[in-house]
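Student: A predicted structure for the sequence below; I have some questions about it.
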Amino acid sequence: MLEVKTIAVNPQNTSQDCSNCGGKVPKELNIRTHSCPHCGIVIDRDLNAAINIKNRAVGHSVLKARGARRDTGATKREAHTIASA
């Protein structure tokens, strides 16, 4: 039998918080597209919310989910390349 793990996630602001940069993008319920003025990403509102819910469930902030380092903004791969040089 397959075991399924369920994790409760607070859904507040999942469709308004940008899953790419973390910026808040207020919108009415009838607006179905998430268009972030902060980073420029344009995706379906429900997809944006789903990404945020998944990241919250696994304990990732937006920056952790994107693989960015807070101090340099470099991705993990770039940071590894820099460290290896």
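Tutor: Nice, thanks for sending it over.
Student: contact partners of stretch 25-34?
Tutor: Residues outside stretch 25-34 that contact it (CB atoms under 8 Å, 6 or more residues apart in numbering): 15-19, 35-38, 41-48. For every residue, glycine as well, the C-beta is placed using N, CA and C.
Student: for stretch 3-22, same thing?
Tutor: 23-27, 34, 36, 38-39, 41, 43, 45-46, 48-49, 51-53, 55-58, 61-63, 65-66.
Student: recalculate using a threshold of 10 Å.
Tutor: 23-27, 29, 31-32, 34-59, 61-63, 65-66, 68 (CB atoms under 10 Å, 6 or more residues apart in numbering).
Student: those residues, buried ones only, as a ChimeraX selection?
Tutor: Burial among these is assessed by 16 or more other CB atoms under 10 Å; the matching ChimeraX selection reads:
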select :25,34,36,43,45,48,49,51,52,53,55,56,62,65,68
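Student: strands - which of the contacts of stretch 3-22 land there?
Tutor: Of the contacts of stretch 3-22, the ones assigned to strands by DSSP state E are 34, 35, 42, 43, 44.
Student: which residue packs closest to residue 56, ignoring adjacent ones?
Tutor: residue 9 (4.6 Å; CB to CB, 6 or more residues apart in numbering).
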